[in-house]
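Provide a 3D model corresponding to the input given below.
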Amino acid sequence: MKILCQTNPSKDMTSKEIRKTFLDFFASKHHMIVPSAPMVVKNDPTLMFTNAGMNQFKDIFLGNTVPKTKRATDSQKCLRVSGKHNDLEEVGHDSYHHTMFEMLGNWSFGDYFKTEAIDWAWELLTDVYKIDKERLYATVFKGDEKDGTGPDEEAKQTWLKHLPAERILPGDKHDNFWEMGDTGPCGPCSEIHIDLRDDTERSAIPGKDLVNKSNPLVIEIWNLVFMQYNRKADGSLEPLPARNIDTGMGFERLCMVLQGKKSNYDTDVFSGIIHKIEELSGHKYHESEKTDIAMKVIADHIRAITFSIADGQLPSNVKAGYVIRRILRRAVRYGYTFLGFNEPFLCRLASQVADDMGDAYPEIRKQLKLIENVIREEEMAFLRTLDRGIKMLDDQMRKSVKLKTISGTDAFLLYDTYGFPIDLTELIASENGFSVDMEGFGRELDKQKERARNATSNEFGDWTEYHNAEEEIFMGYDYTDLDGVHLLKQRTVKSKNKTMFQLVFDRTPFYAEMGGQIGDTGYIISENGEKTAILDTIKENNLTIHVAEKIPSDCSGTFSLHVDAARRTAITNNHTATHLLDNALRSILGKHVEQKGSYVGPDYFRFDFSHFSKMADSEIAEAEKKVNALIRADLPLEENRSATMDEAKAMGAIALFGEKYGDKVRVVKFGNSIELCGGTHTSSTGHIGLFKIVSESAIAAGVRRIEAVTGNAAENYISGMQETLKESKELLNNPADLAAGIKKIMEENTDLKKKLESVIAEKTEDLAVKMIGGIQETNGMKIISFTDEEDPSMVKNAAAIVRKKAKGCIIAGAFIYNDKPNLVLMYPEEMVAAGRNAGKDIREAAKLIQGGGGGQPGLASAGGKNAQGLGQALEDMICRAAGK
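Residues are numbered from 1 along each chain as shown. Reported below is the predicted structural model:
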């Protein structure tokens, strides 16, 4: 392949140097270098993960936040598992698509526009990175008649300074018009593509004919978005008052270009991970297509998993946690199927990710032990799932032996309920001469997707504005009631056939759900005395949104806002208690303890933290003791609401990984407890009253959860425990030592249980002897039939004894127990080996007693409602046993 660069230095650049060069270039153009936002999004209900570089600037583009700088640049860690070219199941099958990737970007907020964005992009690519100009193409928006937009002549004319007209290609709305969502800021974009093919291929087919045609060597590397419109709810466009620039260049693709590779996976971004996979698996990269795909899948996915856990998102069965679990399980499945991994291996790759990317993202190194433990636990659980799924699939194939087809419903059950991958179902089925009804599976999957869409779909109206303000002001730290407030805007939201209203005020005492603390409720009163209930308060795009079932009849006047003060107080006390608990746990368990999540409500709170073993009862008691001591000390709240990060660190404040902090942070201090926190807190710890831990449990490998109550809830909990103790003593005739009394009863119960088991064993043995004595031969078959009233479980145990002592016997029982008809059917081993199935036969006989049942091919039981059918059922079982 011809070297793409005009000089050797760019080709020899490492990925770290490539990233630094990009940031330094835009810093020289007076852009502020800003840190990457967390990949896991915490306080935006519209996003689970950062999927583009612009996400952290969304509030600015929407006009909800005033930018602190007119120009910015960064390298943003992103995650995409759906959308255009981002189907998770396709990752690993080509050379350039990923789940987790870095997006290099530069932004202008109402400053420069198309000319500078295009000129600087060209300068960086060709003058700094030394990319061959002859290999570059640009696309520009050709306009859209439906939207009433014309061709982007400004972008085209700027590109003509750098490229001949034949390499400036028109694009339609699908490729060259970028939108944030169904509504909001949007605009035309200009993509920069590069042709990486050999000279022979380039001379045969011009690169312009392959742009946006999914050719793996003619690819987009940079997208320049020119935000100049706002898309309204009715679909129309209106010009933005301030035009913005949003560019995004795939870091991994840029490394491929500059390092002279034909695949992102061959660059030093991935080579270290792939070498480690080779070492662990014993397979070589480029050994075969299947092992190559598996290694690429694993190399891609381990990065996504590692960064997500470092940002605080643990694998789970809901929302963002489900996405991470799905990615992890896909990686395990490829390792299991194609590389022979039968034990955890992803956890052994996390350290390589930390070595490769820890300089740029130090949170990975800091959290490495937790990351490894969480991944190991998830891998072990999924490997058990694979074993269980394979056994279930074996059962399904036995049931479908005639049709040789696994039904779509059964395949979907394995996929949806048990997490068993559909392609693995197909693979195992084909190896055994079976097919899978993929059309039926697809129908079941579509039903599931439709259910999910219906459960989460919201329809937003346009904002109706009443007053203007640069930024809304939260005043809830000092007030729960405010007068003279203006309603800035409101909109409708339709969800599940219910219409709600979202209100935004210029000032508010309402705390919006954030950082684990739930949102405030209360009410507002308009100038005419009309009262409107506020049912919840949420944060979206940096707006504090008050949720109501109706809007005031007059929205233009002033309002008074009133938070439910009693509810807020309970929440506030619980939030402060989480800080005190965090402080106590760090002193008792060690400095490795870090908060991993929380929920703070009025009734209770939960606190998730990193720790690698179950807390001892003595440690739980000590934590309670320390927190209650801090409460009794009545420590006052000390806070700094506008500290810099350096000032906060100098104070010793604890910050949470995975949280995005601004230039100014709020430091909350109670004695030795010092944390960065935006939540509401009590004025002094004495107001909390009392603290009580309700439970301590594991929620993931290396992550524990404490649930606790405070104040009145703690008093009620303790009163309930005392009442339970009192009732327990009364049941035991009020012993002086309750624990000793319970222990004595348990010991007596154990002795009685042993004696009862001995009696039952004797009766079972007697029943087995009685059964053997009743053997009758019919047509050369030994059959035991009985109708005596017996405990069904004893009958089954006796049957097992008969199987050993009187080989070749069939047992057919039809009897009453506890006034209900019961059936038992046992076939000897040789009948089972010949394909006979007691479970299948007894299900047919059970219909005669209006019941159902089943079991193993050798031993099955059934119950029913109609005792009068027992005789017929017994006869039916004997006939079926005889093959009639």
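
please count neighbours and contacts with C-alpha atoms only from this point.
Will do.

contacts only, for the closest residue to G433 other than its chain neighbours.
Setting aside the residues directly before and after it, G433 is nearest to K404 in space (C-alpha to C-alpha, 6 or more residues apart in numbering), at 7.0 Å. Contacts for K404 (C-alpha atoms under 8 Å, 6 or more residues apart in numbering) come out as M397, G433, F434, S435.

my guess is the third one meets T405, correct?
I take that to be F434. Yes: with contact defined as C-alpha atoms under 8 Å, F434 counts as touching T405 (5.4 Å).

who touches both of the two?
Both F434 and T405 are in contact with M397, where contact means C-alpha under 8 Å, 6+ apart.

can you give me the helices in the stretch 201-350 of the chain?
251-258, 271-281, 289-310, 319-338, 350-357 (DSSP state H, counting those that start in this stretch).

before we move on, the earlier item: just the buried ones from the contacts of K404, in ChimeraX syntax?
Buried residues within these, by 16 or more other C-alpha atoms under 10 Å, are selected in ChimeraX with:
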select :397,434,435
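
can you put the contacts of K404 in TSV and add distance to K743, pLDDT and secondary structure?
Below are the contacts of K404 laid out as TSV (distance: C-alpha to C-alpha, whole Å; pLDDT from 0 to 100; DSSP: H, G, I helix; E, B strand; the rest coil):
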residue	distance to K743	pLDDT	secondary structure
M397	51	88	helix
G433	59	90	coil
F434	58	91	coil
S435	59	92	strand
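
gap between the closest residue to G150 other than its chain neighbours and D395?
Of all residues not flanking G150 in the chain, G143 sits nearest, at 4.2 Å (C-alpha to C-alpha, 6+ apart). Noted for G143: a distance of 58 Å to D395, by C-alpha to C-alpha, to the nearest Å.

give me the neighbour count for the residue nearest to A304 when sequence neighbours are not counted.
Nearest non-adjacent residue to A304, counting by C-alpha to C-alpha, 6+ apart: M100, 4.8 Å away. Per other C-alpha atoms under 10 Å, the neighbour tally for M100 reads 23.

residues contacting M100?
By C-alpha under 8 Å, 6+ apart, the contact list for M100 reads K77, C78, L79, R80, D300, H301, R303, A304.

of all those residues, which comes closest to R384?
H301 (20.3 Å; C-alpha to C-alpha).

gap between that closest one and Y336?
Taken as C-alpha to C-alpha, the span from H301 to Y336 is 15 Å.

more neighbours: which of these two?
Taking other C-alpha under 10 Å, H301 and Y336 do not tie; H301 has more neighbours (25 against 18).

wait, what's in contact with that one?
T99, M100, I327, L328, A331.

residues in contact with the helix or strand harbouring E730?
Remark: E730 resides in helix 711-731, with elements defined by DSSP states H and E. Residues from elsewhere that reach helix 711-731 (C-alpha under 8 Å, 6+ apart): A570, D603, Y604, I688, G689, L690, F691, K692, P735, L738.

buried residues in it, which are they?
Neighbour counts over helix 711-731 (16+ other C-alpha under 10 Å) mark G711, A713, A714, E715, Y717, K729 as buried.

next SSE downstream of that helix?
Once the chain leaves helix 711-731, the next helix or strand it forms, by DSSP H and E, is helix 738-773.

and that following helix, how far out from the chain's middle?
Distance of helix 738-773 from the chain centroid (C-alpha atoms, centre = their mean, to the nearest Å) equals 48 Å.

who are the packing partners of that helix?
strand 781-786, helix 792-805 (3 or more C-alpha pairs under 8 Å, 6 or more residues apart in numbering; DSSP states H and E).

residues contacting the closest residue to L767 other than its chain neighbours?
Spatially, and ignoring its direct neighbours in sequence, L767 is nearest to A798 (6.3 Å; C-alpha to C-alpha, 6+ apart). If you count contacts by C-alpha under 8 Å, 6+ apart, A798 has them with T764, E765, L767, A768.

is it true that L656 touches V593?
No: when contacts are counted by C-alpha under 8 Å, L656 is not listed as touching V593 (11.4 Å).

out of the two, which sits in the more crowded spot?
V593 (20 against 16).

how far away is the closest residue to that one other than its chain neighbours from E363?
In space, V593 comes closest to S610 once its chain neighbours are excluded; the distance is 5.1 Å by C-alpha to C-alpha, 6+ apart. From S610 across to E363, the span is 15 Å (C-alpha to C-alpha).

neighbour count winner among these two?
The neighbour comparison of S610 against E363 (other C-alpha under 10 Å) goes to S610, with 20 against 17.

what residue ranges in the stretch 401-550 of the chain score low on pLDDT?
For the stretch 401-550 of the chain, applying pLDDT under 70 flags the ranges 452-457.

relative to M103, how far out is M826?
66 Å.

so between these two, which is more surrounded?
The neighbour comparison of M826 against M103 (other C-alpha under 10 Å) goes to M826, with 30 against 24.

is the more buried one bridged to anything, and to what?
Going by DSSP bridges, M826 is paired in beta bridges with I811, L859.

need the contact list for it.
Contacts of M826 by C-alpha under 8 Å, 6+ apart are A799, I810, I811, A812, A838, G858, L859, A860.

next, format those as JSON lines and append neighbour count, pLDDT and distance to A566.
Listed next are the contacts of M826 as JSON lines, based on neighbours: other C-alpha atoms under 10 Å; pLDDT from 0 to 100; distance: C-alpha to C-alpha, whole Å:
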{"residue": "A799", "neighbour count": "29", "pLDDT": "89", "distance to A566": "66"}
{"residue": "I810", "neighbour count": "26", "pLDDT": "93", "distance to A566": "72"}
{"residue": "I811", "neighbour count": "26", "pLDDT": "92", "distance to A566": "69"}
{"residue": "A812", "neighbour count": "25", "pLDDT": "92", "distance to A566": "68"}
{"residue": "A838", "neighbour count": "26", "pLDDT": "92", "distance to A566": "64"}
{"residue": "G858", "neighbour count": "21", "pLDDT": "91", "distance to A566": "65"}
{"residue": "L859", "neighbour count": "22", "pLDDT": "92", "distance to A566": "62"}
{"residue": "A860", "neighbour count": "22", "pLDDT": "92", "distance to A566": "60"}
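
show me the two of those residues that sit farthest apart.
Longest span within the contacts of M826, C-alpha to C-alpha: A799 and A838, 13.1 Å.

quick one: the helices in the stretch 51-200 of the chain, in order.
Going by DSSP H, counting those that start in this stretch, the stretch 51-200 of the chain shows helices at 58-61, 114-122, 153-159, 173-176, 199-204.

point out the most buried one among these.
Mean neighbour count (mean count of other C-alpha atoms under 10 Å) peaks for helix 58-61 among those, with a mean of 20.

related to what we said a few turns ago, tell me what the residue nearest to A304 is bridged to.
L79.

any idea how far it is from G519?
32 Å.

what's the local residue count around the closest residue to H97 other than its chain neighbours?
Once flanking residues are discounted, H97 sits nearest to V91: 5.9 Å by C-alpha to C-alpha, 6+ apart. Neighbour count for V91, taken as other C-alpha under 10 Å: 21.

likewise the one 5 residues further on?
When neighbours are defined as other C-alpha under 10 Å, Y96 has 18 of them.

look up the closest residue to it, ignoring the ones flanking it.
Here the residue nearest Y96, using C-alpha to C-alpha, 6+ apart, is N264, at 5.5 Å.

okay, and for the chain, where does confidence drop off?
1-11, 43, 45, 82-87, 452-457, 657-658.

tilt between the helix or strand harbouring T21 and helix 251-258?
If you go by DSSP H and E, T21 is part of helix 15-28. Relative orientation of helix 15-28 with respect to helix 251-258: 100 degrees, computed using axes from the mean of the first three to the mean of the last three C-alpha atoms, to 10 degrees.

helix 15-28: which residues count as buried?
In helix 15-28, the ones that count as buried by 16+ other C-alpha under 10 Å are S15, I18, R19, T21, F22, L23, D24, F25, F26, A27.
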